[in-house]
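**Student:** attaching a predicted model along with its sequence, questions to come.
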There are 2 protein chains.
Amino acid sequence: MTGLCADERAPGMTAPMRRSRDVPVLVAAARDGDPRAVARLVSLVEDGDPCLPELAAALAPHTGSAQLIGLTGSPGVGKSTLTNELVRAYRAQGLRVGVLAVDPSSPFTGGAILGDRVRMQDHATDPGVYIRSMSSRGHLGGLAGSTPQAVRVLEGAGCDVVLIETVGVGQAEVEVASLADTTLVLLAPGMGDAIQAVKAGILEVADVFVLNKADRDGIDAAARDIQGMIALGSRAPGQWRPLVVRTVAARAEGVEDVIAGIAKHRAFLQEHGQLTARRERRARVEVEEIALASLRVRIEAVRQGTALPELAAEVAAGRLDPYAAAATLLASLNP
Amino acid sequence: MTGLCADERAPGMTAPMRRSRDVPVLVAAARDGDPRAVARLVSLVEDGDPCLPELAAALAPHTGSAQLIGLTGSPGVGKSTLTNELVRAYRAQGLRVGVLAVDPSSPFTGGAILGDRVRMQDHATDPGVYIRSMSSRGHLGGLAGSTPQAVRVLEGAGCDVVLIETVGVGQAEVEVASLADTTLVLLAPGMGDAIQAVKAGILEVADVFVLNKADRDGIDAAARDIQGMIALGSRAPGQWRPLVVRTVAARAEGVEDVIAGIAKHRAFLQEHGQLTARRERRARVEVEEIALASLRVRIEAVRQGTALPELAAEVAAGRLDPYAAAATLLASLNP
């Protein structure tokens, strides 16, 4: 697998593969570690391509083993720098790493994420790293639906660890980051993050708080804020209590503590049978989103009503009853 | 057909028929003019009974010939009195008449409509009149969906004219009244109806404005208001220009002008090929409402999610992909 800066859409890709929808061929190539095939498959996911059900079926048997790590935090808090260091650390363990940088607020990839990716060029030539930005241009279930699909593509391509990074701490970003097994929330001193975190419901999804820029003034106050929030949160017996870890990602300080925190959280989930429960909850949301989106598409199609005039004429003439007409209409909309 | 005060739910009905869902038997009995069968069928429509698709299919061949007249206006304006007189006039022409009194604002029949019905006891012993109040307790498409079904029941029972009366001039009432071939809007002097009518979109649906209580002060001012509104309304060439008729329904004055206005409107529609177009537009709304309601029911069922945990476990384990799971889920919800 050749390292790739995601947004270049695999510059070495041949034109046929760049346009291909031949799912079996693409999946086989991705499983052989062909980065162009992986890029193409993520693009298909991103675009909500009609072949997605076929793709999902082809990938399903190869999924469920990668460790998924979510990472969110306000812009400027140091997410990309930390991601960079985490990639380095997991590579040092001999693991293959995928990074999905997700921007729920934008229908197109680019902007902040593209800028950030430049800083991650460290790994651009590492064949054990796959980095990809992703938006949700056409996927039925939005990013909550498309992110797990993109993760499956990376799993299918042999990634042992997938980092899902989002651009901010809004509701959507937090939702996407929480699709992981372990969700990291990055904070930095003096950014008012604690209040923001409470508002966005971060407390409920954070497994590890990473206090970055720990060499700055105010780090102790920020740590007290977070510890206070954690103490205030109600927690059922057997429920994980979020860790707080300090880092200076720019100097690679504390990264090993983050890695240890993630491992500790994963061990806790496994020990308490919660890893499976968490993945099933995620799958439930995913299936629900796809089903609801499919119904919403049909509602829109009914409202557009191109098939209606003919059916209505039959009903008005007494040749068809309205229930049968509605059933015919709905059947004609089946995906 | 024995005349019946609707809300008594056919006191002479035998217990088996009162509970029956045997659609072919009930439809055959209704077509023979058995008022208990008609009452039972309207109740099934009102309750959104699961047998409705079967009922609709059984009734479809017997429908499309009755003349449908909608009647709406503010409470106290004299709707029931006018309905009473219209029933009398159509009976004098030898026509069988059905009256559906519809209250969209209430999930149960009763209240104002029940009170009004007492005044219509004039026709309670007339075998050529069927009077029935109706609410929408369970029908998928709301009253816009159930009213046409109830109309079909009355058509199936041999009614030549069906009057659809609603309780007020809100959006829902106007919508239901406009399901007719000809929609009458009742106004009275000094009720501020003109303004109300504009707000509720009555101008767009009124075919005949009936200025009732024409013996009162202010009738000329009210007539000028309405004529002014009509003059202001934009009208395509070949489009009906609403008539204004004055009545004193309590003294049966002007009723023949209303009947003549309805006939004139019907002739206009037929002449311009608009009767079929109108009925097709109505059928379109009906089919659309049933289809949308069925999709909404499925969305609710997905949200309730009782089938989801099992599917989610399969997806989490990689034994099923999320699209296949969503398709299975949706298929399990089919009506």
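**Tutor:** That came through fine. Numbering: from 1, shown residues only, chains lettered A, B, ... in the order given.

**Student:** which stretches of the stretch 101-250 of chain A form strands?
**Tutor:** For the stretch 101-250 of chain A, the strands defined by DSSP state E, counting those that start in this stretch cover A:129-134, A:161-166, A:182-187, A:208-211, A:243-246.

**Student:** wait, which of those strands is closest to A:A301?
**Tutor:** Smallest distance to A:A301 across these (C-beta to C-beta): 27.0 Å, for strand A:129-134. Heads up, the C-betas are built off the backbone N, CA and C, glycines and all.

**Student:** now the angle from that closest one to strand A:161-166?
**Tutor:** 30 degrees (axes from the mean of the first three to the mean of the last three C-alpha atoms, to 10 degrees).

**Student:** partners of strand A:129-134, with directions?
**Tutor:** strand A:97-102 (parallel) (DSSP bridges).

**Student:** residues in contact with the strand it pairs with?
**Tutor:** Residues from elsewhere that reach strand A:97-102 (C-beta atoms under 8 Å, 6 or more residues apart in numbering or on different chains): A:6, A:66, A:83, A:87, A:90-91, A:113, A:116-117, A:120, A:128-135, A:143, A:147, A:150-151, A:154, A:157, A:159-167, A:173, A:176.

**Student:** ok, now with 7 Å
**Tutor:** Residues outside strand A:97-102 that contact it (C-beta atoms under 7 Å, 6 or more residues apart in numbering or on different chains): A:83, A:87, A:90-91, A:113, A:116-117, A:128-134, A:143, A:147, A:150-151, A:154, A:159, A:161-166, A:176.

**Student:** and it, how far from the chain's centre?
**Tutor:** When distances are taken as C-alpha atoms, centre = their mean, to the nearest Å, strand A:97-102 is centred 8 Å away from the chain's centroid.

**Student:** quick one on the thing from earlier: turn the strands of the stretch 101-250 of chain A into JSON lines, including mean pLDDT, distance to B:A267 and mean neighbour count.
**Tutor:** As requested, the strands of the stretch 101-250 of chain A are exported to JSON lines (pLDDT from 0 to 100; distance: least, C-beta to C-beta, whole Å; neighbours: other C-beta atoms under 10 Å in any protein chain shown):
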{"stretch": "strand A:129-134", "mean pLDDT": "84", "distance to B:A267": "64", "mean neighbour count": "26"}
{"stretch": "strand A:161-166", "mean pLDDT": "93", "distance to B:A267": "66", "mean neighbour count": "26"}
{"stretch": "strand A:182-187", "mean pLDDT": "92", "distance to B:A267": "71", "mean neighbour count": "27"}
{"stretch": "strand A:208-211", "mean pLDDT": "94", "distance to B:A267": "78", "mean neighbour count": "26"}
{"stretch": "strand A:243-246", "mean pLDDT": "96", "distance to B:A267": "82", "mean neighbour count": "19"}
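
**Student:** run through the stretch 101-250 of chain A and note the low-pLDDT ranges.
**Tutor:** For the stretch 101-250 of chain A, applying pLDDT under 70 flags the ranges A:104-125, A:136-145, A:191-200.

**Student:** what about A:T72, which SS state?
**Tutor:** With DSSP: H, G, I helix; E, B strand; the rest coil as the basis, A:T72 sits in strand.

**Student:** any idea of the pLDDT on it?
**Tutor:** Here the pLDDT value assigned to A:T72 is 88.

**Student:** which residue packs closest to it, ignoring adjacent ones?
**Tutor:** For A:T72, ignoring the flanking residues on the chain, the nearest one in space by C-beta to C-beta, 6 or more residues apart in numbering or on different chains is A:A177 at 3.9 Å.

**Student:** give me the residue at the spatial middle of chain A.
**Tutor:** Nearest to the mean C-alpha position of chain A, by C-alpha atoms, centre = their mean, lies A:T147 at 3.8 Å.

**Student:** for A:N84, give its distance to A:Y90.
**Tutor:** Distance, A:N84 to A:Y90, using C-beta to C-beta, to the nearest Å: 11 Å.

**Student:** OK, contacts around A:P242?
**Tutor:** A:A206, A:D207, A:V208, A:F209, A:I230.

**Student:** you'd agree A:A58 is in a helix?
**Tutor:** Yes. Per three-state DSSP, A:A58 lies within a helix segment.

**Student:** for the strands of the stretch 101-250 of chain A, give me a markdown table that also has distance to B:L333.
**Tutor:** Rendered in a markdown table, the data for the strands of the stretch 101-250 of chain A read as follows (distance: least, C-beta to C-beta, whole Å):
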| stretch | distance to B:L333 |
| --- | --- |
| strand A:129-134 | 31 |
| strand A:161-166 | 31 |
| strand A:182-187 | 32 |
| strand A:208-211 | 39 |
| strand A:243-246 | 42 |
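
**Student:** give me the neighbour count for the closest residue to A:Y130 other than its chain neighbours.
**Tutor:** Leaving aside its sequence neighbours, A:Y130 sits nearest to A:G98 (C-beta to C-beta, 6+ apart; 4.6 Å). Residues near A:G98, counting by other C-beta atoms under 10 Å in any protein chain shown, number 28.

**Student:** go on, the one 3 residues further on?
**Tutor:** Each residue near A:A101 was counted by other C-beta under 10 Å, and the total is 27.

**Student:** so what's it bridging to?
**Tutor:** A:S133, A:E165.

**Student:** and the gap between it and A:T83?
**Tutor:** 8 Å.

**Student:** could you do A:D103 as well?
**Tutor:** Distance of A:D103 to A:T83, given as C-beta to C-beta: 14 Å.

**Student:** surely A:L187 is in contact with A:V77?
**Tutor:** Yes. In this structure A:L187 lies within contact range of A:V77 using C-beta atoms under 7 Å: 6.5 Å.

**Student:** interface residues of the stretch 101-250 of chain A facing chain B?
**Tutor:** By C-beta under 7 Å from any C-beta of the partner chain, no part of the stretch 101-250 of chain A sits against chain B.

**Student:** do you have the helices of the stretch 101-250 of chain A handy? List them.
**Tutor:** Taking DSSP state H, counting those that start in this stretch, the helices of the stretch 101-250 of chain A run over residues A:111-119, A:142-156, A:171-177, A:193-199, A:202-205, A:219-232.

**Student:** give me the number of residues near the residue in the stretch 101-250 of chain A positioned nearest to chain B?
**Tutor:** Chain B sits closest to A:P148 of the stretch 101-250 of chain A, with a gap of 7.1 Å, by C-beta to the nearest C-beta. Counted with other C-beta under 10 Å, residues neighbouring A:P148 total 26.

**Student:** and it, how close does it get to A:A56?
**Tutor:** 9 Å.

**Student:** same question, A:A249
**Tutor:** For A:A249 relative to A:A56 (C-beta to C-beta), the value is 35 Å.

**Student:** same check on A:T72?
**Tutor:** A:T72 is 25 Å from A:A56, by C-beta to C-beta.
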